[in-house]
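[1] Below: sequence and its predicted model.
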Amino acid sequence: MKPFAESCAENQQPILDVLRIEFAAVRRVLEIGSGTGQHAVFFAAHLPHLNWQTSDVADYHPGIRAWIDDARLSNVRPPLPLDVTRDVWPDESFDGVFSANTAHIMAWPAVEAMFTGIGRVLTPGGHFCLYGPFNYGGEFTSASNARFDQWLKARDPNSGVRNFEDLDRLAATAGMRLAQDYAMPANNRTLVWIKGMDPRVWTTPR
């Protein structure tokens, strides 16, 4: 039986609308934290020009493979083992990286490791798209995000909704500059950084 996450079913179309723009010229994507595998097969099916490489910790691989096997798509790859703090990162380059709902469930050292790794595997001009809830200026953007943060910390004190400014500093250290900040449904955002982009280039948040 394939695993199923309701949140993936709910957010996949809005995320796809962003990826159609940000990954229009991208060819090879690494997904970090493929989870159930739902996003991978949905995006690969709707963006056939992409070669979509899934990855996650080993416990999630059977579910990801089940979705991939069922979809029978030629442009989505079986999952690589990737615990961002422990496993060896892929010895190859990607011009796109995607991750959804990961930064707030990782401990901060893992978030740091993720950005560092992305900085290594992303090609110059490559796009990193990160979806999830984020704080701005240390403030929650909604009461529901504040409640979600409390729930996360009760479950794991090392997790929590991350501050955009902290993530942006990690991105800058890894050689990436913010290009877009998309408003998404349910008080989420999609942040887009580009490797090696001139920091003077800025487009209006959408």
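    Alright, I've got the coordinates. Predicted, not measured: the structure shown is a model, and the values here were computed from it.

[2] Please work out the average pLDDT along the biggest helix by length in the chain.
    Under DSSP state H, the helix in the chain containing the largest number of residues is helix 6-22. Averaged across helix 6-22, the pLDDT comes to 96.

[3] other SSEs contacting it?
    Helices and strands touching helix 6-22, as assessed by 3 or more Cβ pairs under 8 Å, 6 or more residues apart in numbering; DSSP states H and E, comprise helix 38-46, strand 94-100, strand 122-132, strand 176-184, strand 188-195. Where C-beta positions appear, they are placed from N, C-alpha and C, glycine not excepted.

[4] which outside residues touch the first one?
    Helix 38-46 has contacts (Cβ atoms under 8 Å, 6 or more residues apart in numbering) with 4-5, 8-9, 12, 15-16, 19-20, 31, 34, 50, 52, 54, 64, 67-68, 70-71, 73, 75-76, 98, 100.

[5] angle of that helix against strand 94-100?
    With axes from the mean of the first three to the mean of the last three Cα atoms, to 10 degrees defining the directions, helix 38-46 sits at 130 degrees from strand 94-100.

[6] how distant is the helix or strand following helix 38-46 from the center of its chain?
    The first helix or strand that comes after helix 38-46 along the chain, using DSSP states H and E, is strand 51-56. Here the centre of strand 51-56 is set off from its chain's centre by 11 Å, with Cα atoms, centre = their mean, to the nearest Å.

[7] Contacts for strand 51-56 next, please.
    27-35, 37, 40, 43-44, 64, 68, 75-82, 90, 94.

[8] And the pLDDT at Thr173?
    pLDDT recorded at Thr173 is 96.

[9] Ramachandran angles for it?
    Note on Thr173: backbone dihedrals following degrees, to the nearest 10 are phi -60, psi -30.

[10] which among the contacts of helix 38-46 end up buried?
    8, 12, 15-16, 19, 31, 34, 50, 52, 54, 64, 67-68, 71, 76, 98, 100 (16 or more other Cβ atoms under 10 Å).

[11] List the beta-bridge partners for the residue most central in space within the chain.
    The chain has Ser99 as the residue nearest its centroid, 1.2 Å off, counting by Cα atoms, centre = their mean. Legend: beta-bridge partners of Ser99 under DSSP bridges are Leu130.

[12] and it, what is it in contact with?
    Taking Cβ under 8 Å, 6+ apart as the test, what Ser99 contacts is 31-33, 114, 128-131.

[13] let's see it at 6 Å
    Residues counted as contacts of Ser99 (Cβ atoms under 6 Å, 6 or more residues apart in numbering) are 32-33, 130.

[14] I would like the residues contacting the longest helix of the chain, please.
    Here helix 6-22 has contacts from 38-39, 42, 46, 127, 129, 131, 182, 184-185, 190, 192, using Cβ under 6 Å, 6+ apart.

[15] I figured Ala58 hits Pro81, correct?
    Yes - counting by Cβ atoms under 6 Å, Ala58 does reach Pro81; the two are 5.4 Å apart.

[16] List the buried residues in the helix or strand encompassing Glu165.
    Here Glu165 sits within helix 164-173, counting by DSSP H and E. Judged by neighbour count using 16+ other Cβ under 10 Å, the buried positions of helix 164-173 are 164, 166-168, 170-171.

[17] Sweet, I'm off.
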